[in-house]
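From the sequence below, what's the structure:
(2 chains)
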Amino acid sequence: MTTYSPEVRERLERDAKEIIGRYPKSRSALLPLLHLVQAEEGFVSDAGQEFCAEMLGLTKAEVVGVSTFYTMYKRKPAGEFHVGVCINSLCAIMGGDQIWEELAEHVGVGNGDTTSDGKVSLERIECNAACDFAPVMMVNWEFFDNQTPDSAKRLVDDLRAGKEVAPTRGPGRLCSFKEASRVLAGLPDGQAGDGPSAAGPSLEGLKIAKANGWTAPKGASE
Amino acid sequence: MDGTEGGLGMTTLTPVLTANWDRADSFTLQGYGEYEAAKKALGMEPDAIIKAVKDSGLRGRGGAGFPTGMKWGFIPQGDGKAHYLVVNADESEPGTCKDIPLMMANPHALVEGIIITAYAIRANQAFIYIRGEVLHVIRRVQAAVREAYEKGYLGTDILGSGYDLELVVHSGAGAYICGEETALLDSLEGYRGQPRLKPPFPAVAGLYACPTVINNVESVASVPSIIGNGADWFASMGTEKSKGFGIFSLSGHVTRPGQYEAPLGITLRELLDMAGGIRAGHRLKFWTPGGSSTPIFTDEHLDVPLDFESVGAKGSMLGTRALQIFDETTCVVRAVLRWTEFYAHESCGKCTPCREGTYWLKQVLRRLEKGQGTEEDLTTITDIADNILGRSFCALGDGATSPIHSSVKHFRDEYLKHFEIGGCPFDPAASTVWGKA
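Here you go, the predicted model:
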């Protein structure tokens, strides 16, 4: 089993202690800590789980029991860009199935696998709460809305070629899988201000209300 | 105009939570405004806030529709224990896509609602448990919380009131089951997300075995408007027993999918009118009123008022107002198969009916969809569903049976057609966004 170098370990311990300090009971920090170790290596490694166990006073078995329950924790390295295609009923029917088939063939890897250059991993994902933008894809858990088979293939080609790619609703620059995992651990990356408040379908109702002069009743605060 | 127009009873939209989404800075304090409702609330007796929310008629917006104020009232007071508020931001029910854009565009409505709610139930610690797969939404919520701390809306002695509140943003890690409130609590405590036996209910023994309120994002975000405008204002919208407004999410084969905030009781026909109808050249076949766990409706149900009672009376549930719309190009067996695969994937494994039942449903439906089934398979899937419904540990298992029972009821012939012709009678290409009319 590999272990962290003293420098990495010191840095991770500092982050871990900050995270643990937010919770009334330390074990609540386990999910964030698993995100934190995933941010280090791009997956939840043996060393990472050992580290979580030590920090929280748990056995490694207790940590593994938790990490294997949740699909976002990867047991082998994800790509620098982890690409998800929604194949739940609505997205599948709106074109997600065709996107998945063409994309998997184009990239040449299957569900949960990573390209040999380590750039891209693919996953068939469940509903990601953006159904009004169907068919939906996610890269490193950023929204790529309203996809087609061609846009999906182009997106992955661009990612592998090292071109700058931006999510449809998110920051101007797509972060790596490891960077994303760090935000999920509760360590913000300062990019919250990027991107639109809302876009496309999110604004349809409001647009129609404004065009018709429809509002909620006047209240005491107005 | 305020929700009904011209005496004709036509329902109109009532943007409240969505009203500022078209502002470029809506997710900042500057775009949201000062926390006037929280300031007002901190000057009130906590019980008066609970009463106002009870009087408003607000019912949980996460699907079950339990009266929010009543839930708060169940928290024992003067018990000497820590109290907790946990916001369920684990929006994962297939078709449901309201809380995610709400937190992306308007996270301060949620944070302000948390302050008021926590103060009302006498909690000094709150959590937002947000699904992990929505990175930018998590950034926005983290930033809003930080801004609120900087302004003195969170932390110790909030705005000089003597009230303290700490708020932690906690990311999940990919498990639909954690939307079930007790599974969420286990997950937040650092365990596998599996549901707990009730009783004891979370109001008595929730997070860390202390009294805990778990509320949906949209429920909590609605609270500032109730405190700011009054319970009567909120209750003036909606129907007698389903009061107020809610975000209706239209998706699928509709001309303008999106988020439509309207009084409860609006109908799909009215919403479709606003959304430009079913996509050109097609007609409505089936739809879910509130996500995949709510029995499907057909074009017979266009005029059912979308409130808790009316939808229930017609055999479904209002759920999360996730209106997934499918036109006549869609194979209902395929849709049901994919939902069933979802439930099988997401079943936590704790109880046998759900773990084994969803697994077998998936196998039989795959066979049916390929046209390799028999009429007996229809009996088998309804039998399996009967053995899950009411016998599983939590609502995930019950939800898995909704698409099965309702699709066999409304579209039995379509199932039969699959094995009559030895395959699926539909062309999946025709259902896609780029499919030809």
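
all strands of the stretch 51-200 of chain B, in order?
B:84-89, B:125-130, B:166-171 (DSSP state E, counting those that start in this stretch).

now do the stretch 251-400 of chain B
B:258-263, B:284-288, B:297-298, B:322-327.

Of all the ones you listed, which one is nearest chain A?
strand B:258-263 (3.0 Å; Cβ to the nearest Cβ). C-beta here means a position set from N, CA and C on the backbone, and glycine is covered the same way.

which element follows the longest helix along chain B toward the C-terminus?
In chain B, taking DSSP state H as the definition, the longest helix is helix B:395-421. Using DSSP states H and E, the helix or strand that directly follows helix B:395-421 along the chain is helix B:428-431.

domain assignment for chain A?
For chain A, automatic domain parsing gives the domain ranges A:6-67, A:81-175.

Just tell me which of those domains ends up closest to A:A192.
In terms of Cβ to Cβ, the element of the domains of chain A nearest to A:A192 is domain A:81-175, at 8.7 Å.

Next one: that closest one, is it in contact with chain B?
Yes. Judged by Cβ under 8 Å from any Cβ of the partner chain, domain A:81-175 and chain B are in contact via A:84, A:87-90, A:92-95, A:97-98, A:125-135, A:138, A:140-143, A:146, A:148, A:167, A:169-171.

Next, the distance between the ends of that domain.
Its first and final residues considered, domain A:81-175 spans 8 Å by Cα to Cα, to the nearest Å.

Check the offset of that domain from the chain's centre.
Remark: domain A:81-175 is offset 12 Å from the chain centroid, using Cα atoms, centre = their mean, to the nearest Å.

same question, stretch A:29-44
13 Å.

Please save the CA atoms from that stretch in CSV.
Output of stretch A:29-44 as CSV, limited to C-alpha atoms (Å, rounded to 0.1, in the frame of the first residue of the first chain):
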residue,chain,number,x,y,z
ALA,A,29,-16.7,14.8,8.3
LEU,A,30,-16.2,11.4,6.6
LEU,A,31,-18.0,12.2,3.3
PRO,A,32,-16.1,15.5,2.9
LEU,A,33,-12.8,13.8,3.8
LEU,A,34,-13.4,11.1,1.2
HIS,A,35,-14.0,14.0,-1.4
LEU,A,36,-10.7,15.5,-0.1
VAL,A,37,-8.6,12.4,-0.6
GLN,A,38,-10.3,11.9,-4.0
ALA,A,39,-9.1,15.4,-4.8
GLU,A,40,-5.5,14.3,-4.2
GLU,A,41,-5.4,11.2,-6.4
GLY,A,42,-8.5,11.3,-8.6
PHE,A,43,-10.0,8.3,-6.8
VAL,A,44,-10.4,7.0,-3.3
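
and that stretch, is it in reach of chain B?
Yes. Between stretch A:29-44 and chain B, judged by Cβ under 8 Å from any Cβ, the touching residues are A:A29, A:L30, A:L31, A:P32, A:L34, A:H35.

The last one: which element?
To tie it back to what came earlier, the one meant is A:H35. A:H35 is part of helix A:30-41, with elements assigned from DSSP H and E.

quick one: low-confidence ranges for the chain?
All of this is about chain A. A:1-2, A:220-222 (pLDDT under 70).

wait, chain B
B:1-9, B:436-437.

quick one, domains of it?
According to automatic domain parsing, the ranges for chain B are B:11-230, B:245-327, B:332-431.

hmm, back to that, from the residues of domain A:81-175 next to chain B, list just the buried residues.
Among these, those classed as buried by 16 or more other Cβ atoms under 10 Å in any protein chain shown are A:84, A:87-90, A:92-95, A:97-98, A:125-135, A:138, A:140-143, A:146, A:148, A:167, A:169-171.

can stretch B:293-313 be found next to chain A?
No. Counting by Cβ under 8 Å from any Cβ, no contacts exist between stretch B:293-313 and chain A, the nearest distance being 10.7 Å.

Just the closest residue of the stretch 101-250 of chain B to chain A, please.
For the stretch 101-250 of chain B, Cβ to the nearest Cβ, closest residue to chain A: B:N229, 2.6 Å.
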